[in-house]
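S.K.: Just need the structure, nothing else, for what follows:
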Amino acid sequence: MKRTRGLTVALFALVATASVADADEAPRLSRVGFLNPLDRSAPHFEAFKQGLAELGYVEGRNVTIEARFAEGQYDRFPRLLDELVASKVDVIAVTGAVTARAAKKAVTGIPIVFAVVVDPVADGVVPNMERPGGTITGTTSFDPQKAQKQLALLKEAIPGLKRVALLGDSGVSDALMKAGEAQAQALGLQTLRLRVAAPAPDLEGAFASLKREHCEALLVLEEPLVGVHATRIAELAAKERLPTLFAPSRVGAGGLIAYGTSQVASIRRMATYVDKVLKESRAGDLPVERVTVYELIVNLKTARDIGITPPGDVLKRADRVIQ
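M.R.: Here you go, the predicted model:
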């Protein structure tokens, strides 16, 4: 009997030791918040999760991701941010300048990492790109020459182009709009500035203006509100048989051309910054990084619908052609 009791005690001790060892080896479960001004159909959240996965983060094993989507309704930001703070996340990842500003204003004591902010300094997100300071940093896909490259491509795709409309979001800085206007002028193009406001942008009014001003093409800037309504914008443009150029992130909207720097690449890189913060780097000490990977996609179905034949040189350079 004594021998049996001794074996039982030894067995319990072994199990207890193994349990302690397993607990010591179990990875810490990091909690990451994610806030997007668009809806879940945008590629941003999947790109972010992919970026984390490439760094070894597996949901349910060593990371929990609390994701929130404003669906173009900026007035939801305070409530969604309150939810993330209440979830006791270790870091909050956000996309877009409006989102980043809202997070910076509403959140204290939790690091914030951003992506898809055109000009972080002009947009009031950070005071300095090299040393952001405070608890915020991130990545930007902004190339100061992007608008020039987009407009030059439109000019190449539409011979004889003289007048182009630029459509943007009045809720962000007009850095992209100003750059587009200046670079259009350098290319000999006339421009019409169109900016729409949340929560219910007057897209029909914008299209009435560009029709009245005899615009021959539309450049849709890579800004949150027009991104939310990209499909409707493409539908209105198709109705007017108007060639459009969107950012690659909105290729699914159905515009003629999608061209610009890749938000997906920038957001995947944002995951690297989240990783650094989780490993106890101070967000404000990490320089804001530019990620400028270009993509060109041509939609031949849309081209046929509006009666445009893209030049062969443009098609040869395309990363993807939608038939």
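
S.K.: Quick check: nearest residue in space to Gln263, chain neighbours excluded?
M.R.: Distances taken as Cβ to Cβ, 6 or more residues apart in numbering place Ser249 nearest to Gln263, at 4.3 Å, with adjacent residues excluded. Heads up, the C-betas are built off the backbone N, CA and C, glycines and all.

S.K.: do Ile136 as well
M.R.: Nearest residue to Ile136, sequence neighbours excluded (Cβ to Cβ, 6+ apart): Ile112, at 4.4 Å.

S.K.: Excluding chain neighbours, give the residue nearest to Leu286 in space.
M.R.: Nearest residue to Leu286 in three dimensions, chain neighbours excluded: Thr137, at 4.4 Å (Cβ to Cβ, 6+ apart).

S.K.: I figured that neighbour hits Val126, correct?
M.R.: Yes: at 7.1 Å, Thr137 counts as touching Val126 under the criterion of Cβ atoms under 8 Å.

S.K.: Could you pull out the residues contacting both of those two?
M.R.: Common neighbours of Thr137 and Val126, using Cβ atoms under 8 Å, 6 or more residues apart in numbering, are Val288.

S.K.: Show me which of those two is the more surrounded one.
M.R.: Taking other Cβ atoms under 10 Å, Thr137 and Val126 do not tie; Thr137 has more neighbours (29 against 23).

S.K.: ok, which stretches of this protein are helices?
M.R.: Remark: helices assigned in the chain by DSSP state H are 2-25, 44-54, 77-86, 97-106, 146-157, 175-186, 203-212, 224-228, 230-239, 263-278, 300-306, 312-317.

S.K.: Give me the buried positions along stretch 36-49.
M.R.: Using 16 or more other Cβ atoms under 10 Å as the burial criterion, the residues of stretch 36-49 that qualify are 36-38, 42-45, 47-49.

S.K.: could you dump it to CSV, C-alpha only?
M.R.: Extracted C-alpha coordinates of stretch 36-49, given in CSV (Å, rounded to 0.1, in the frame of the first residue of the first chain):
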residue,chain,number,x,y,z
ASN,A,36,-10.4,50.6,-41.1
PRO,A,37,-12.6,53.5,-42.4
LEU,A,38,-13.9,51.2,-45.2
ASP,A,39,-15.8,47.9,-45.0
ARG,A,40,-14.5,44.4,-44.7
SER,A,41,-14.6,43.9,-48.5
ALA,A,42,-11.6,46.2,-48.9
PRO,A,43,-8.3,44.3,-49.1
HIS,A,44,-6.7,46.1,-46.1
PHE,A,45,-7.6,43.7,-43.3
GLU,A,46,-6.5,40.6,-45.2
ALA,A,47,-3.2,42.3,-46.2
PHE,A,48,-2.7,43.1,-42.5
LYS,A,49,-3.4,39.5,-41.4
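
S.K.: Residue numbering should commence at 853 henceforth.
M.R.: Okay, using 853 as the starting number, the last item reads as stretch 888-901.

S.K.: residues making contact with it?
M.R.: 886, 911, 917, 919-924, 926, 945-948, 950-951, 967-968, 1076, 1079-1080, 1101, 1104, 1115-1116, 1119-1120, 1122-1123.

S.K.: Show me the shaky parts of the stretch 1003-1152 of the chain.
M.R.: Nowhere does the stretch 1003-1152 of the chain drop to pLDDT under 70.

S.K.: Pretty sure Ser993 sits against Ser1118.
M.R.: Yes: at 3.9 Å, Ser993 counts as touching Ser1118 under the criterion of Cβ under 8 Å.
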